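Chemist: sequence and predicted structure are below.
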Amino acid sequence: MNENIFWVWRDVRRARKQGLDAIKQRQHERLADIVSFTRVNSPYYRELYQGLPERVTDPTLLPVTNKKKLMSRFDDWSTDREITLEKVRPYIENPNLFGKEFLGKYLVITTSGTTGTHGLFLVDRRSLSVIGSLFLSMTSDWLNPHDVRSFIRSGGRIGLVLASGTPTATGVSITHFASRLGKSLRALSVRAPLPELVAGLNEFQPAFVISYGTVMKLLANEQEAGRLRIKPVMALVTAEGLALDEYDHIAEVFNTKVGNLYASSECPFMSYCCEQKWLHVNADWVVLEPVDADYQPTPPGEQSHTVLISNLANRVQPFLRYDLGDSILQRPDPCPCGNPLPAIRVQGRAADMLTFPTDDGEQTTLPPLLFGTSVYHIPGIEQFQIMQTAPTNLRVRLRLEAGADPECVWQSVHNNVTRLLSDHKLTRVRLERAEELPEQSAGGKYREVIPLR
Ligand SMILES: [Zn+2]
C-alpha cells in the first residue's frame, strides 16, 4: 500500500464521507495488521501476545502496556532489530543530531508527561504521513475561503513558538512539514524571554501562530496589554489543553479562530477540535478507549480514569493498548457540528503555571514545559519533579537511571535550570536539591511542576 501523505489524506476524506461504519472497518483492519506485524517483529509483543487468537480485530483482547514497561524493554519493543537504546540516545543528547533522521528513516522524539517516566520514541514515515494529512484535514475544515485569502495576502507566514532544541513530538512533526516553507516559517524558541518572543512575532507578523496552550495564554496577555500586535488568521494550540473559556479569551483577544490539537508523543495525530470545542478522534488511525482504574470501559458521558490508545500508524515502535494517563469524557450523543467521529474532552492537561517575582520587582509567569525541556535531554534522568515551596524557592526531585552519577546529573540540572531562570530575570530564585524521589499526586499521577499553593 502506498501510504504517502496524499494517499492518507484522500483516504481520510473518503472515510469521513462514507461515515462511521467505514471508519470502524478501517480501524479493525489496521489493528489486525499492526498486531500481526508486531507479533512477528517485536520480541516484547511476541511474548506479551502469546496465546491470543491469530487475527485480532478487538482491541480489548490485548494486554495493557505503559511507558515504563516499554522503556524498560526498549530494544525488544521495536520492530526493527537495528534499533537499540544505546544507538538512539545520542540523538537526544547531542544538539547537532536534533531533527536528523536515525538510520536514515526514523525521527527521534522525547516525552515527559504526567505518567512520570521519561520516554524516548521513534516515529516512522508512515506516521509522518498520517500527522501531515490530519494537519491538512484540520486546516481545510477550519479555514473558509475568506480565511485562505487572508492567509495568502499576509504572505502565508507561519510562526512557531515551540521548544526548539528539544525534539518533542509537536516540534518535530510541524517543523518536518514546514521546513520546505523557507522564509514563510519562523521558529521562535519558547525558552526565549517573553519580550524577545513578542518582538520576534511583531516583526514577523505570522498569519498562523502555533504554540502550547500555556504559552498562547501568555501571548494573549501580551496582545491585550498592547505589547504584542499580531493579526493571525488562526491560532493553533497544541500539546497542552486549556479550560474552555481560555480558548474563547484567546480568540477574542486575537480576533481569530483558535484550533486545538489533542496529541501526545505516543500518538501525535490523535484528534483536533471542531467549532463546538469537542475534540474529534481520528478513529481510522487510532483506537481510543476511555477506561476506569481496572481498565474496564467507561461509558460515554462519564469521566474516565485514564485512556488506552492504540496507534495504528507507527510500526517501528508500536503503542498498542497503551495507558496514556489522561482522564477524558466522551460525548454520548452526536456532535452538533456534524462530524461523525467520536467526540471527547480532556481533563487534567491544563498545565500548572509558575509565578515568580522578577529582579526588577515585577511578576513573571513561566509555563511548566520550560522546565521539562531544560532538563530531559540530560543523560541519566528517569524522572523529574519541581516543587515551588516559596515564591523564590524551587525544590528539585530526581529519579535517576541505574548507573547515573548523582553529582554529575545534579550539576547539569542546576546549570540548565539556573540559566532558564536568569534568562527570565529570575536570579533571586534558588534551587534546592531534594533527598526524596518525585511523588505521586492523590490521583496516582506525577506532576512535573507543582506551583506554590
Ligand atoms: Zn464536533
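Modeler: Thanks, I have the structure now.
Chemist: which residues touch the residue nearest to R428 when sequence neighbours are not counted?
Modeler: Leaving aside its chain neighbours, R428 sits nearest to T392 (4.8 Å; criterion: CB to CB, 6 or more residues apart in numbering). In this view, the C-beta of every residue, glycine as well, is placed from N, C-alpha and C. Counting by CB atoms under 8 Å, 6 or more residues apart in numbering, T392 makes contact with F356, P357, L426, R428, V429, R430.
Chemist: can you put those in a markdown table and add secondary structure?
Modeler: Putting the contacts of T392 into a markdown table (DSSP: H, G, I helix; E, B strand; the rest coil) gives the following:
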| residue | secondary structure |
| --- | --- |
| F356 | strand |
| P357 | strand |
| L426 | coil |
| R428 | coil |
| V429 | coil |
| R430 | strand |
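Chemist: check those residues and tell me the two furthest apart.
Modeler: Across the contacts of T392, the longest distance by CB to CB is 12.5 Å; it joins P357 and R430.
Chemist: picking that back up, so which of the contacts of T392 also contact the ion?
Modeler: Residues of the contacts of T392 in contact with the ion (CB under 5 Å from the ion): none.
Chemist: and stretch 364-372, how far from the chain's centre?
Modeler: 16 Å (CA atoms, centre = their mean, to the nearest Å).
Chemist: restricting to C-alpha, output it in CSV.
Modeler: Output of stretch 364-372 as CSV, limited to C-alpha atoms (Å, rounded to 0.1, in the frame of the first residue of the first chain):
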residue,chain,number,x,y,z
THR,A,364,6.5,36.8,35.7
THR,A,365,4.8,33.5,34.8
LEU,A,366,6.6,30.6,33.2
PRO,A,367,4.9,27.7,31.6
PRO,A,368,5.8,24.4,33.2
LEU,A,369,7.0,22.7,30.0
LEU,A,370,10.1,25.0,30.0
PHE,A,371,11.5,23.1,33.0
GLY,A,372,10.9,19.7,31.4
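Chemist: show the average pLDDT along it.
Modeler: Across stretch 364-372, pLDDT averages out at 80.
Chemist: regarding this structure, what is its longest helix?
Modeler: helix 20-41 (DSSP state H).
Chemist: run through the neighbouring helices and strands of that one.
Modeler: helix 5-18, helix 43-48 (3 or more CB pairs under 8 Å, 6 or more residues apart in numbering; DSSP states H and E).
Chemist: wait, I92 touches T373, no?
Modeler: No - look at I92 against T373 with CB atoms under 8 Å: they stay out of range, at 11.7 Å.
Chemist: higher neighbour count, these two?
Modeler: T373 (25 against 20; other CB atoms under 10 Å).
Chemist: where does the prediction get shaky in the stretch 101-250 of the chain?
Modeler: Applying pLDDT under 70 to the stretch 101-250 of the chain flags residues 111-118, 163-183, 239-241.
Chemist: how about the residue in it that the ion sits nearest to, nearest residue that isn't a chain neighbour?
Modeler: Nearest residue of the stretch 101-250 of the chain to the ion (CB to the ion) works out as D141 at 9.9 Å. Leaving aside its sequence neighbours, D141 sits nearest to C274 (CB to CB, 6+ apart; 7.5 Å).
Chemist: and the one you found, how far from L244?
Modeler: Separation of C274 from L244 (CB to CB, to the nearest Å): 13 Å.
Chemist: so how far is stretch 324-334 off the chain centroid?
Modeler: With CA atoms, centre = their mean, you get 17 Å for stretch 324-334.
Chemist: tell me how far the ends of that stretch are from each other?
Modeler: In stretch 324-334, first residue to last residue: 25 Å (CA to CA, to the nearest Å).
Chemist: do it and the ion meet at all?
Modeler: No - figure legend: stretch 324-334 not in contact with the ion (CB under 5 Å from the ion); closest approach 8.2 Å.
Chemist: list the buried residues of that stretch.
Modeler: Across stretch 324-334, burial judged by 16 or more other CB atoms under 10 Å covers L324, G325, D326, S327, I328, L329, Q330, R331.
Chemist: give me the neighbour count for the residue nearest to D141.
Modeler: 21.
Chemist: kindly report the same for the one 3 residues further on.
Modeler: Applying other CB under 10 Å, we find 15 residues neighbouring K277.
Chemist: isn't it right next to A243, touching?
Modeler: No - K277 lies out of contact with A243 (CB under 8 Å); the separation is 10.7 Å.
Chemist: just to revisit the earlier point, quick check: mean pLDDT across the longest helix of the chain?
Modeler: 96.
Chemist: ok so, going back, buried subset of the contacts of T392, written for PyMOL?
Modeler: Here is the PyMOL command that picks out the buried ones among the contacts of T392, judged by 16+ other CB under 10 Å:
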select buried, resi 356+426+429
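Chemist: may I see the contacts of T392 organised as CSV, with pLDDT added?
Modeler: Output for these, formatted as CSV (pLDDT from 0 to 100):
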residue, pLDDT
F356, 92
P357, 92
L426, 92
R428, 93
V429, 94
R430, 95
